[in-house]
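Colleague: When you get a sec, could you give me coordinates for this:
(one chain, ligands or ions: 1)
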Amino acid sequence: MIGAGLAGLAAASRLARNGSRVSVLEREDRPGGRLAGERVDGYALEPVHALIGAGDRALQAWIDELGLRDELLPPKPVTTAFADRNSLRDVELRALRDVARIPGVRRLHAARLVRLPRLLARYGPALELGAAEEADRYDDRSLADFARLYFGRTVLERWMAPVACAGSLGDPAEMSRVQFLQHFRAHGLARPGVLRGPWEDLIERAAERVDVVTGCRVEQVEPGSDGGFRAIAADGGSYAGDAVVLATPAPLAAVIADPLLTTPERKFLDAVRYAPSFSVAAALCRPLTARARRVLLRAEATAPLASAVVEPGFRGSRVPAGCGIATLEATGAFAAAHPETPDESLEKELIGELDRLWSGFASSVEFTRVFRHRYGSPRFDVGAYRALARFRRVQSDRRGVGRRLAFAGDYLMHPSAEGAVRSGERAAEELLA
Ligand SMILES: Cc1cc2nc3c(=O)[nH]c(=O)nc-3n(C[C@H](O)[C@H](O)[C@H](O)COP(=O)(O)OP(=O)(O)OC[C@H]3O[C@@H](n4cnc5c(N)ncnc54)[C@H](O)[C@@H]3O)c2cc1C
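Modeller: Prediction:
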């Protein structure tokens, strides 16, 4: 296994459970990939909101299997607030007609949402996560075009785009409608919850159960003499195996596995686009809110902040009792526009933006950690599912002639923890089959 992010760890767990001997080679000095954070003075400061919903079935099942149900589940309830001009409004969405209560959504546009369940029923199983082969026939329109055509501009700008962009850092004008529809099919309007403990607990438990070699940057995977593979690390180390799973971001997988790939596979992996990410985890000296609150913003091209989650601490949680914690995620466009800007300036802008909407936020911040990732979130723009379907067909052909190589990562499924876990489990199943 190359890469100990969520996808690599999920694949390794599944293979180990089936009795395979697995080594996970990880470039960094700790596992976790894009989820890896830090624990400081009792605060778990992590780059990614610890949100989980009923549709995250693979993630919940894995948490259970790792014996972490009591520590991490059931999730704590979250209220969702939508940004108005200079304030926030909590809106509980129980039925689609409640979308009309989101600031700025016109009643007429919200009324047209009666079409949404009909469309979902028509598209059916094509919207299952990972069903790229079936989804490719609906991969012909952006979320923006789809939403304007069927519902209206305000439903797009005030509901669909903030929901879609909070999760993926994508741009609704380019994002395939399939991505939003998959999300909606999995979760509906149901509010997500917040995990009771940090992502770190999940990563550590998963990593304990397999052999993880950290500080091992794999440069190339080559064919071995016995029909297996040999991974060559930057420090000269060499690791042999019968099968290999590439669980790194796509462009890195293209370089590492280059000698083993067909031209279409190489082209696909090279072409996967990512939005860079910039996020701030802030330790707060007071809870600020009685229950966790998720803030969704309008997905404007120049907006700095995409979303934020603020959580109060309680005994035994990942936040000290009587304190709070916040995770602020920049939009993909903002992170991309400022690759060289110092962390402090960007952090100030994000905190300032939330403070404008939530008075008293900035003065509650005790200390922060900043996280940046070049490969922050894979983009599922129009055409991505068609490319994915072709890639899967080539892989299946290669497996048919005995190649024991698989790929895992959120770019193959959905830009989320659930997508990463499912992709890892599918890679393991492909090899076991
Ligand atoms: C800012 C941000 C916010 C997010 N918000 C959410 C959210 O709210 N909800 C949600 O569900 N998801 C969210 N996500 C997405 C989620 O974090 C990712 O989908 C998931 O963590 C991806 O896991 P992965 O295993 O596919 O990739 P990664 O985590 O990137 O794992 C790849 C691993 O490969 C390793 N690697 C790379 N090159 C090599 C090499 N040469 N040799 C060895 N190892 C190598 C890397 O170090 C890394 O550990 C967010 C992501 C970001 C960045």
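Colleague: number of nearby residues for the residue lying closest to Gly352 once chain neighbours are set aside?
Modeller: Nearest-residue entry for Gly352: Ala362, 6.8 Å, with adjacent residues in sequence omitted and distances by Cβ to Cβ, 6 or more residues apart in numbering. Any C-beta I mention is one placed from the backbone N, CA and C, and that applies to glycine too. For Ala362, the tally of surrounding residues (other Cβ atoms under 10 Å) stands at 14.
Colleague: Make residue 1 into 46 and carry on from there
Modeller: All set: I'll call the first residue 46, so the last point we hit is now Ala407.
Colleague: my read: Ala407 touches Arg401, true?
Modeller: No - counting by Cβ atoms under 8 Å, Ala407 sits too far from Arg401 to count as a contact (9.2 Å).
Colleague: could you check the distance from the residue nearest to Gly397 over to Val325?
Modeller: From Ala407 across to Val325, the span is 12 Å (Cβ to Cβ, to the nearest Å).
Colleague: So for these two, which residues contact both of them?
Modeller: Both Ala407 and Val325 are in contact with Ile396, where contact means Cβ atoms under 8 Å, 6 or more residues apart in numbering.
Colleague: tell me which element Arg134 is part of?
Modeller: strand 133-135 (DSSP states H and E).
Colleague: That strand pairs with which strands, and in what direction?
Modeller: Using DSSP bridges, the strands paired with strand 133-135 in its sheet are strand 121-128 (antiparallel).
Colleague: neighbouring contacts of the partner strand?
Modeller: 96, 133-138, 147-148, 203-204, 207, 236-241, 336-343, 354, 356, 402.
Colleague: of the residues you listed, buried ones?
Modeller: When neighbours are counted using 16 or more other Cβ atoms under 10 Å, the contacts of strand 121-128 contain these buried positions: 96, 133, 136, 138, 147, 203-204, 207, 236-241, 337-343, 354, 356, 402.
Colleague: and the residues you listed near the ligand, which?
Modeller: The overlap between the buried ones among the contacts of strand 121-128 and the neighbours of the ligand (Cβ under 6 Å from any ligand atom) comes to Leu96.
Colleague: for Ala231, what are its contacts?
Modeller: Ala231 is in contact with 98, 100-101, 174, 463, counting by Cβ under 8 Å, 6+ apart.
Colleague: measure it to His418 for me?
Modeller: According to Cβ to Cβ, Ala231 and His418 sit 24 Å apart.
Colleague: How about Arg241?
Modeller: As it turns out, when the distance is counted by Cβ to Cβ, Arg241 lies 25 Å from His418.
Colleague: Arg230 now?
Modeller: Counting by Cβ to Cβ, the separation of Arg230 from His418 is 27 Å.
Colleague: How about the stretch 96-245 of the chain: which residue is closest to the ligand?
Modeller: Closest residue of the stretch 96-245 of the chain to the ligand, Cβ to the nearest ligand atom: Leu96 (5.1 Å).
Colleague: wait, isn't Val200 in contact with Arg152?
Modeller: No - checked against Cβ under 8 Å, the pair Val200 and Arg152 is beyond contact range at 10.8 Å.
Colleague: Please say which of those two ends up with more neighbours.
Modeller: Neighbours of Val200 and Arg152, each counted by other Cβ under 10 Å, are more numerous for Val200; the result is 27 against 11.
Colleague: out of everything not next to it in sequence, what's closest to Gly197?
Modeller: Counting by Cβ to Cβ, 6+ apart, Gly197 lies nearest to His154, which is 3.1 Å off, once chain neighbours are set aside.
Colleague: Leaving out chain neighbours, which residue sits closest to Leu329?
Modeller: Setting aside the residues directly before and after it, Leu329 is nearest to Gly369 in space (Cβ to Cβ, 6+ apart), at 3.5 Å.
Colleague: need the contact list for the one you found.
Modeller: The contact partners of Gly369, by Cβ under 8 Å, 6+ apart, come to 328-334, 355-358, 409.
Colleague: Give me the residues contacting the host helix or strand of Glu179.
Modeller: Taking DSSP H and E as the definition, Glu179 sits inside helix 177-180. Contacts of helix 177-180 with the rest of the structure, by Cβ under 8 Å, 6+ apart, involve 170-173, 223, 227, 430, 433-434, 437-438.
Colleague: Determine the next helix or strand in the C-terminal direction from the host helix or strand of the residue nearest to Gly197.
Modeller: His154 is part of helix 152-156, with elements assigned from DSSP H and E. Past helix 152-156, further along toward the C-terminus, the next helix or strand under DSSP H and E is helix 160-168.
Colleague: Could you give me the buried positions within that next one?
Modeller: Within helix 160-168, the residues that qualify as buried by neighbour count (16+ other Cβ under 10 Å) are 161, 168.
Colleague: next one: stretch 434-448
Modeller: Neighbour-count burial for stretch 434-448, with 16+ other Cβ under 10 Å as criterion, is recorded at 434-437, 440, 443, 448.
Colleague: again with stretch 394-413
Modeller: Buried residues in stretch 394-413, counted by 16+ other Cβ under 10 Å: 394-396, 398-399, 402-403, 406, 409-410, 413.
Colleague: Just the closest of those residues to Val85, please.
Modeller: The closest of those to Val85 turns out to be Thr413 (Cβ to Cβ; 9.8 Å).
Colleague: thinking again about what came up before, which strands and helices sit next to the helix holding His154?
Modeller: Using 3 or more Cβ pairs under 8 Å, 6 or more residues apart in numbering; DSSP states H and E as the contact criterion, the secondary-structure elements in contact with helix 152-156 are helix 198-200.
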